[in-house]
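Q: next one to model:
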Amino acid sequence: QLQASGGGLVQAGGSLRLSCAASGTIFSINAMDWYRQAPGKQRELVASIVSPARPNYADSVKGRFTISRDTAKKTVYLQMNSLKPEDTAVYFCNADITYSGSDYGRDYWGKGTLVTVSS
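A: Predicted coordinates for the structure are as follows:
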């Protein structure tokens, strides 16, 4: 129900834009997040957005990454600028979704998309 795209190989200092679209008959989407997991490391929260006025970022990406969402398209984006080799990871999107006909929402995960930053 979440499809992420936009990963790839980029040189240090470059940019990439990730997208993640939710599908299905959705009643509402609360928070939408991006996580990442580097080889041998735990998954970590990169950025989160509930409303455009309330984005949150990990300290390691502040000033370089921007999270945004398009409510009509049920899509969350992650614009990544000034990429560093340490940003190399599999990036996962996560969203708190309530589907039509459900009484409550729950977290859904998209399949990861690999971002590789070469030095």
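
Q: list the buried residues for stretch 62-80?
A: Residues of stretch 62-80 classed as buried: 65-67, 69, 74-78, 80 (neighbour count, 16 or more other Cβ atoms under 10 Å). In short, each C-beta sits where N, CA and C put it, glycine included.

Q: need the contact partners of that stretch.
A: Contact with stretch 62-80 is made by 6, 15-23, 26, 29, 32-34, 46-49, 52, 55, 57, 61, 81-83, 87, 91, 93, 95, 115, as judged by Cβ atoms under 8 Å, 6 or more residues apart in numbering.

Q: could you tell me the end-to-end distance of that stretch?
A: Distance across stretch 62-80, first residue to last, is 10 Å (Cα to Cα, to the nearest Å).

Q: ok, now stretch 76-84?
A: Stretch 76-84 has an end-to-end distance of 22 Å (criterion: Cα to Cα).

Q: average pLDDT across that stretch?
A: Mean per-residue pLDDT for stretch 76-84: 98.

Q: before we move on, back to that, make TSV out of the buried residues of stretch 62-80 and add secondary structure and distance to Gly101.
A: Converted to TSV, the buried residues of stretch 62-80 look like this (DSSP: H, G, I helix; E, B strand; the rest coil; distance: Cβ to Cβ, whole Å):
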residue	secondary structure	distance to Gly101
Phe65	strand	35
Thr66	strand	34
Ile67	strand	29
Arg69	strand	23
Lys74	coil	17
Thr75	strand	22
Val76	strand	23
Tyr77	strand	28
Leu78	strand	30
Met80	strand	36
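
Q: name the nearest of those residues relative to Trp109.
A: Nearest to Trp109 out of the buried residues of stretch 62-80 is Val76 (Cβ to Cβ; 12.7 Å).

Q: give me the pLDDT for Gly63.
A: Per the predicted model, pLDDT is 97 at Gly63.

Q: secondary structure class of it, three-state.
A: Here Gly63 is coil, with the state taken from DSSP: H, G, I helix; E, B strand; the rest coil.
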